[in-house]
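Peer 1: 3D model of this:
(one chain, ligands or ions: 1)
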Amino acid sequence: MVIVGGGIVGSAVAYFLTADAGFRGSIAILERDTAYREGSTARSAGGLRQQFSTPENIAMSQVTLAMIRSLKAQFGLDADVAFREQGYLILASAGGEALLAQNVALQRSLGADIAALGVAELSARFPWLSAGGVAAGALGQSGEGWFDPVSLAWLFRKAAVARGASVVHDEVIGIDVGERVAGVVLERGGRLACGSLVNAAGPWAGEVAGLAGVRLPVVARKRYVYVLDCREPPQALRKAPLTVDPGGVWFRPEGGVFICGKSPDESAEPGIGDLDAIDYTFFEEEVWPSLAARVPAFERIKVVNAWAGYYDYNTLDQNAVIGPHLAIPNLYFAAGFSGHGAQQAAAAGRAIAELLVDGAYRTIDLTRFGYARIAANAALRERNVI
Ligand SMILES: Cc1cc2nc3c(=O)[nH]c(=O)nc-3n(C[C@H](O)[C@H](O)[C@H](O)COP(=O)(O)OP(=O)(O)OC[C@H]3O[C@@H](n4cnc5c(N)ncnc54)[C@H](O)[C@@H]3O)c2cc1C
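Peer 2: Predicted coordinates for the structure are as follows:
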């Protein structure tokens, strides 16, 4: 078995396959980036929330939450992914209030601890917030926050390798495929035969699918994260949840600083070129005005750092594609998480292991995330993409 991609998703697939006594056969994670530097996992903000509009996404994030809560039992006493359970606060304008309420009802029905707050409650609970233009908010009171995806990916990989999986640092440049995948062609020369292949290539999953002649609408989309120094922020602001403004700007505390960002409009997507090239004009024009209007203390902030990363963006519906191809039964996808894959890797890894070992989902039914909707061009749209 070959897993293309050694980020958090590919590593989780290997972890669950090796954890399950039912899987027989060798497991090779093929990863071209020896430093894991450019992958989405290394650039992630690591948010974990249950505030989604698609039931499967809620259930998948709950798997990671459970795993983080039992981390030391699973990975040993020194295991740590720096989970900060400070919640998500999603704000809605009058136009978005009905959808927010609908989402909260769904999330609560699935066991998520989300409170719907009116403007008076928002102002009372978050004195640093200026509520102009806000009609309502939804707050994760427990079970939401942020963690370090690199640490979780490393724990998955380390455990998988300890149980016999191998990591091969090479690039897959071709896929031998007929009715089934027979193997992969490697950049350094040679081929590796495989009984099945899992495409966990993150932002490059569309390209890897293309090597097998298969269409997968997953592309890299560049996102910026800006690091802010806020002189003498109110004490309560340091304890703020990850807050999402109605216009899409988000921020959260990170140690002694704050981080923030925004997904651009579809028509203004930046080129994906160099990850080291940061657009500070985007911050000045698209991010800062909303920040300063929402949090008066942010009127006097300074950008002290920034980074860019690639979202693994499914252009059809911003939801993951999980499961086998329809015509090539041993070609599996675990990709297209569209900016929420760090928190869904555990569930995706377990799902792929269930399919490979038992031929069916045993825990969360992810049939709706399957390739059939891609083939049919039938979107299953996630409304809460941040
Ligand atoms: C700025 C930013 C903020 C984010 N914030 C959040 C968040 O708050 N919460 C959340 O849950 N998610 C977030 N995400 C998304 C999340 O990080 C990703 O969904 C997740 O990391 C995807 O993991 P992956 O393993 O699929 O991809 P990756 O980590 O990109 O791993 C894929 C790997 O495949 C390798 N690869 C690709 N092609 C080949 C090939 N041909 N041969 C060999 N190797 C190959 C790459 O080198 C790469 O290491 C964010 C992402 C970004 C960029």
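Peer 1: could you give the mean pLDDT of stretch 286-293?
Peer 2: Averaging pLDDT along stretch 286-293 yields 97.
Peer 1: what does stretch 138-149 give?
Peer 2: The average pLDDT within stretch 138-149 is 98.
Peer 1: same thing with stretch 29-40?
Peer 2: In this model, stretch 29-40 carries a mean pLDDT of 97.
Peer 1: ok, residues contacting that stretch?
Peer 2: Here stretch 29-40 makes contact (CB atoms under 8 Å, 6 or more residues apart in numbering) with 2-7, 10-11, 14, 42, 150, 153, 157, 160, 165-172, 184, 186-187, 192, 202-203, 275, 309-312, 341-342. In this view, the C-beta of every residue, glycine as well, is placed from N, C-alpha and C.
Peer 1: could you do stretch 346-354 as well?
Peer 2: Contacts of stretch 346-354 (CB under 8 Å, 6+ apart): 9, 11-17, 19-20, 23, 59-61, 63-64, 67, 152, 156, 198, 320, 322-323, 332, 334, 337, 341, 360-364, 366.
Peer 1: would that stretch count as contacting the ligand?
Peer 2: No - Stretch 346-354 lies out of reach of the ligand by CB under 6 Å from any ligand atom, never closer than 8.3 Å.
Peer 1: strands along the stretch 251-386 of the chain, start to end?
Peer 2: Secondary structure of the stretch 251-386 of the chain (DSSP state E, counting those that start in this stretch): strands at 257-261, 301-314, 321-324, 331-335.
Peer 1: what are the pairing partners of the shortest one, and which direction each?
Peer 2: Same thing as strand 321-324. strand 331-335 (antiparallel) (DSSP bridges).
Peer 1: got the domain ranges for this protein?
Peer 2: 2-77+148-217+316-376, 88-143+222-309 (automatic domain parsing).
Peer 1: okay, buried residues for the host helix or strand of Leu106 please.
Peer 2: Assigning secondary structure by DSSP states H and E places Leu106 in helix 97-109. Buried residues in helix 97-109, counted by 16 or more other CB atoms under 10 Å: Glu97, Leu100, Asn103, Val104, Leu106, Gln107.
Peer 1: check the contacts of stretch 346-354 against the ligand, which are close?
Peer 2: Within the contacts of stretch 346-354, those near the ligand by CB under 6 Å from any ligand atom are Val9, Phe337, Gly341.
Peer 1: ok, back up a step: any idea which of the domains of the chain is most buried?
Peer 2: domain 2-77+148-217+316-376 (a mean of 20; mean count of other CB atoms under 10 Å).
Peer 1: I'd like the next helix or strand past the worst-scoring helix or strand of the chain on mean pLDDT.
Peer 2: Least confident helix or strand of the chain, by mean pLDDT, DSSP states H and E, is helix 235-238 with a mean of 93. Next helix or strand after helix 235-238 toward the C-terminus (DSSP H and E): strand 242-244.
Peer 1: that following strand and the ligand in contact?
Peer 2: No - if you take CB under 6 Å from any ligand atom as the test, strand 242-244 misses the ligand, and the best it gets is 7.9 Å.
Peer 1: now do the closest residue in space to Ala372 that isn't next to it in sequence against the ligand, distance only.
Peer 2: Nearest in space to Ala372, with sequence neighbours left out and distances taken as CB to CB, 6 or more residues apart in numbering, is Leu326 at 6.3 Å. Look at Leu326 and the ligand: by CB to the nearest ligand atom, to the nearest Å, they are 21 Å apart.
Peer 1: and Leu326, how close does it get to Gly370?
Peer 2: Using CB to CB, to the nearest Å, Leu326 is found at 8 Å from Gly370.
Peer 1: could you check the pLDDT of the residue of the stretch 151-300 of the chain found nearest the ligand?
Peer 2: Closest to the ligand within the stretch 151-300 of the chain is Gly202: 2.4 Å, counting by CB to the nearest ligand atom. Per-residue pLDDT puts Gly202 at 98.
Peer 1: can you give me the helices in the stretch 201-350 of the chain?
Peer 2: Along the stretch 201-350 of the chain, counting by DSSP state H, counting those that start in this stretch, helices occupy 205-211, 235-238, 280-282, 288-294, 345-358.
Peer 1: now these in TSV, with distance to Ala124?
Peer 2: Listed next are these as TSV, based on distance: least, CB to CB, whole Å:
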stretch	distance to Ala124
helix 205-211	45
helix 235-238	11
helix 280-282	33
helix 288-294	16
helix 345-358	36
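Peer 1: OK, contacts around the residue of the stretch 151-300 of the chain closest to the ligand?
Peer 2: Taking CB under 8 Å, 6+ apart as the test, what Gly202 contacts is Gly5, Gly7, Val9, Gly39, Ser40, Thr41, Tyr310, Asp312, Ala335, Gly341.
Peer 1: how close does it sit to Gly189?
Peer 2: Distance, Gly202 to Gly189, using CB to CB: 25 Å.
Peer 1: and the stretch 151-300 of the chain, which of its residues are near the ligand?
Peer 2: Taking CB under 6 Å from any ligand atom, the part of the stretch 151-300 of the chain that reaches the ligand is made up of Glu171, Val172, Ala200, Ala201, Gly202, Pro203, Trp204, Val208, Arg223, Val225.
Peer 1: with respect to Arg383, which of these is nearest?
Peer 2: Proximity of those to Arg383 (CB to CB) peaks at Arg223, which lies at 18.5 Å.
Peer 1: which non-adjacent residue is nearest the closest one?
Peer 2: The shortest distance from Arg223 to any non-neighbouring residue, by CB to CB, 6+ apart, is to Tyr311 (5.4 Å).
Peer 1: count of neighbours near the one you found?
Peer 2: Neighbour count of Tyr311, defined by other CB atoms under 10 Å: 25.
Peer 1: for it, name its beta-bridge partners.
Peer 2: Taking DSSP bridges as the rule, Tyr311 bridges to Arg221.
Peer 1: so for it, what's the pLDDT?
Peer 2: pLDDT, Tyr311: 97.
Peer 1: that one contacts Ala220, doesn't it?
Peer 2: Yes - counting by CB atoms under 8 Å, Tyr311 touches Ala220, with 7.3 Å between them.
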